[in-house]
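K.L.:
no sequence on this one, just coordinates:
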């Protein structure tokens, strides 16, 4: 299993993207997003996605030259057409607008349509957090999740993320796990996935990785996860005027553009109290959670974001391990765009 530093991995991703005719600025933004996920231990949203992006670019299913265009801006609301550009570039543009508008208006709602996969939602919510704002990010996704009581895919993993100034960061799919966890198991020849993750193509629960990969993901908490996924669909694609449900493309839907929609909410904390006071209050409520006595079988109570921050500290110090199957896919992607990687 290769172990690479964050800087080395960043260079690898940038080289491959620029080899696919992505501009240096867009390649850098995309690489930073992917490597940040690997650093946090969220490998399903790290460089595992790069070969898929290269496939899209080379097949003409994503336009690396597109910059996106503002369709309308009224008060605190902005509507953007991503023009089938790189998802990370669309998200970067949306975050810049959201931060700008929230500083002026106190609140911003930015909705983008005709976008692509933007990596982990946490990366974008943290950009608003770093500006002293509460950041909320949502995205619809390819239809590989059946609605509650159904047996055909109609919804996506439809993530919800919230980041705040202070030690708390929630980033969750509305399925039991993100689709990338299934893809990672499949790419690396893992024979089984845990129970409760997936259905086979007939809607029967399965732990067989191959059946899960060609099947569907389970909604989180049954009808509750299905309802949350619908909420995200409405706030992203319905409100944004974008592709909905079975109109969405993705890894399993080659030959058509992805066409996802994304929503970014920014709340200016300073409109309610000084930023330092808010952060102290977040720290206090987190402390209340962590002071809870641990249940049998656990050493401590963890809050959202804490496991990933610990992994990031470890990986910054000792490097990022890349599973063999994922590294092989990256090398093949490099070869497809005539990029020769130095021995790392």
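P.N.:
Here it is on my side, so go on. Nothing here was measured: the structure is a model prediction, and the numbers come from that model.
K.L.:
tell me the helices and strands packed up against the helix or strand of the chain with the lowest mean pLDDT.
P.N.:
Averaged element by element with mean pLDDT, DSSP states H and E, the chain has its least confident helix or strand at helix 179-187 (a mean of 88). Judged by 3 or more CB pairs under 8 Å, 6 or more residues apart in numbering; DSSP states H and E, helix 179-187 is in contact with helix 209-214, helix 324-336. C-beta here means a position set from N, CA and C on the backbone, and glycine is covered the same way.
K.L.:
can you tell which of the ones you listed is closest to residue 240?
P.N.:
Closest to residue 240 of the helices and strands packed on helix 179-187 is helix 209-214 (CB to CB; 29.4 Å).
K.L.:
and after that closest one, which helix or strand comes next?
P.N.:
strand 216-217 (DSSP states H and E).
K.L.:
tell me the mean pLDDT over that following strand?
P.N.:
Averaged across strand 216-217, pLDDT comes to 94.
K.L.:
the next helix or strand after that strand - what's its average pLDDT?
P.N.:
Using DSSP H and E, the helix or strand that follows strand 216-217 in sequence is helix 223-233. Averaging pLDDT along helix 223-233 yields 97.
K.L.:
just checking, what packs against the next helix or strand after helix 223-233?
P.N.:
Sequence order places helix 239-240 as the next helix or strand after helix 223-233, per DSSP H and E. On a contact count with 3+ CB pairs under 8 Å, 6+ apart, helix 239-240 meets strand 107-115, strand 260-268.
K.L.:
make a markdown table from those strands and add mean pLDDT, mean neighbour count and distance to residue 230 to it.
P.N.:
Below are those laid out as a markdown table (pLDDT from 0 to 100; neighbours: other CB atoms under 10 Å; distance: least, CB to CB, whole Å):
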| stretch | mean pLDDT | mean neighbour count | distance to residue 230 |
| --- | --- | --- | --- |
| strand 107-115 | 98 | 26 | 16 |
| strand 260-268 | 98 | 26 | 14 |
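K.L.:
which one of those lies closest to residue 1?
P.N.:
Nearest to residue 1, of all those, is strand 260-268, at 31.5 Å by CB to CB.
K.L.:
quick one, what contacts residue 3?
P.N.:
By CB atoms under 8 Å, 6 or more residues apart in numbering, the contact set of residue 3 is 318-322.
K.L.:
thinking again about what came up before, output the helices and strands packed on helix 239-240 as JSON lines; include the columns distance to residue 130.
P.N.:
Output for the helices and strands packed on helix 239-240, formatted as JSON lines (distance: least, CB to CB, whole Å):
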{"stretch": "strand 107-115", "distance to residue 130": "15"}
{"stretch": "strand 260-268", "distance to residue 130": "11"}
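K.L.:
the strands in this protein, which residues?
P.N.:
3-4, 69-74, 77-81, 107-115, 133-139, 160-163, 169-172, 198-199, 205-206, 216-217, 260-268, 320-321 (DSSP state E).
K.L.:
including distance to residue 290, could the ones you listed go into JSON lines?
P.N.:
Shown next, in JSON lines, are these (distance: least, CB to CB, whole Å):
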{"stretch": "strand 3-4", "distance to residue 290": "31"}
{"stretch": "strand 69-74", "distance to residue 290": "41"}
{"stretch": "strand 77-81", "distance to residue 290": "37"}
{"stretch": "strand 107-115", "distance to residue 290": "30"}
{"stretch": "strand 133-139", "distance to residue 290": "21"}
{"stretch": "strand 160-163", "distance to residue 290": "18"}
{"stretch": "strand 169-172", "distance to residue 290": "15"}
{"stretch": "strand 198-199", "distance to residue 290": "32"}
{"stretch": "strand 205-206", "distance to residue 290": "34"}
{"stretch": "strand 216-217", "distance to residue 290": "31"}
{"stretch": "strand 260-268", "distance to residue 290": "25"}
{"stretch": "strand 320-321", "distance to residue 290": "27"}
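K.L.:
grab the longest helix from this structure for me.
P.N.:
Assignment by DSSP state H gives helix 87-105 as the longest helix of the chain.
K.L.:
how big is the angle separating that helix from strand 133-139?
P.N.:
Helix 87-105 runs at 140 degrees relative to strand 133-139, counting by axes from the mean of the first three to the mean of the last three CA atoms, to 10 degrees.
K.L.:
now helix 87-105: average pLDDT?
P.N.:
Rounded mean pLDDT across helix 87-105 is 98.
K.L.:
buried ones in it, by neighbour count?
P.N.:
87-95, 97-99, 101-103 (16 or more other CB atoms under 10 Å).
K.L.:
distance-wise, check the nearest residue to residue 211 once chain neighbours are set aside relative to residue 216.
P.N.:
Excluding the flanking residues, the one nearest residue 211 by CB to CB, 6 or more residues apart in numbering is residue 200, at 4.2 Å. According to CB to CB, to the nearest Å, residue 200 and residue 216 sit 8 Å apart.
K.L.:
those two: which is more packed in?
P.N.:
residue 216 (26 against 17; other CB atoms under 10 Å).
K.L.:
burial of the closest residue in space to the more buried one that isn't next to it in sequence, as a residue count?
P.N.:
The spatial neighbour of residue 216 that comes closest, neighbours along the chain excluded (CB to CB, 6+ apart), is residue 199 at 4.6 Å. By other CB under 10 Å, 20 other residues sit near residue 199.
K.L.:
surely residue 199 meets residue 214?
P.N.:
No - checked against CB atoms under 8 Å, the pair residue 199 and residue 214 is beyond contact range at 10.4 Å.
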